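Enquirer: next come a sequence and a model predicted from it.
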Amino acid sequence: MAIEATVVNYRRGRHRQYNNQLILEVNGYDKEKAKHLIGKRVSWISPGKLKRIINGEVKSLHGNKGNTRASFERGLPGQIIGKKVTID
């Protein structure tokens, strides 16, 4: 069962941005339901002719609204913000 999540932003601080870590928002999930997503695989398929797949994993919760933090194997482009990824 694949779940769609929206990319909110990179994980970042005041002086640093982590391009391989993203904050994901899953519609209909609160903090308690999002705990079950930790450890699941996340994948993003790049647009264009070369359908590259970049995989990651949900590592932890982010905040109190049910957002999650996912770590990917490599950095992702800035065009991914606002797009959909799938959680398997």
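Expert: Yep, it's here.

Enquirer: quick check: phi and psi at residue 79.
Expert: Main-chain torsions, residue 79, degrees, to the nearest 10: phi -70, psi -10.

Enquirer: how about residue 76?
Expert: Per-residue torsions, residue 76: phi -110, psi 150 (degrees, to the nearest 10).

Enquirer: state the pLDDT value of it.
Expert: We have a pLDDT of 93 for residue 76.

Enquirer: how many neighbours does it have?
Expert: By the criterion of other CB atoms under 10 Å, residue 76 has 22 neighbours. From N, CA and C alone the C-beta is placed, and that goes for glycine too.

Enquirer: so how far is residue 78 from residue 10?
Expert: According to CB to CB, to the nearest Å, residue 10 stands 8 Å off from residue 78.

Enquirer: okay, the two: which has more neighbours?
Expert: More neighbours surround residue 10 than the other of residue 10 and residue 78, with 18 against 9 (other CB under 10 Å).

Enquirer: beta partners for the more buried one?
Expert: residue 22 (DSSP bridges).

Enquirer: ranges for the strands of the protein?
Expert: Counting by DSSP state E, the chain has strands at residues 3-12, 17-25, 41-45, 53-62, 67-72, 84-87.

Enquirer: can you list contacts of the third one?
Expert: Okay, so that is strand 41-45. Outside strand 41-45, the residues that touch it by CB atoms under 8 Å, 6 or more residues apart in numbering are 5, 24, 51-58, 70, 72, 76, 80, 83, 85-88.

Enquirer: buried subset of the residues you listed as a PyMOL selection?
Expert: This is how PyMOL selects the buried members of these, with burial counted by 16 or more other CB atoms under 10 Å:
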select buried, resi 5+24+54+56+58+70+72+76+80+85+87
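
Enquirer: which residue of the protein lies farthest from its centroid?
Expert: Note on the chain: the largest C-alpha distance from the chain mean falls to residue 49, namely 22.8 Å (CA atoms, centre = their mean).

Enquirer: give the contact list for the closest residue to residue 11 other than its chain neighbours.
Expert: The shortest distance from residue 11 to any non-neighbouring residue, by CB to CB, 6 or more residues apart in numbering, is to residue 21 (3.9 Å). Residues in contact with residue 21 (CB under 8 Å, 6+ apart) are 10-11, 59, 69-72.
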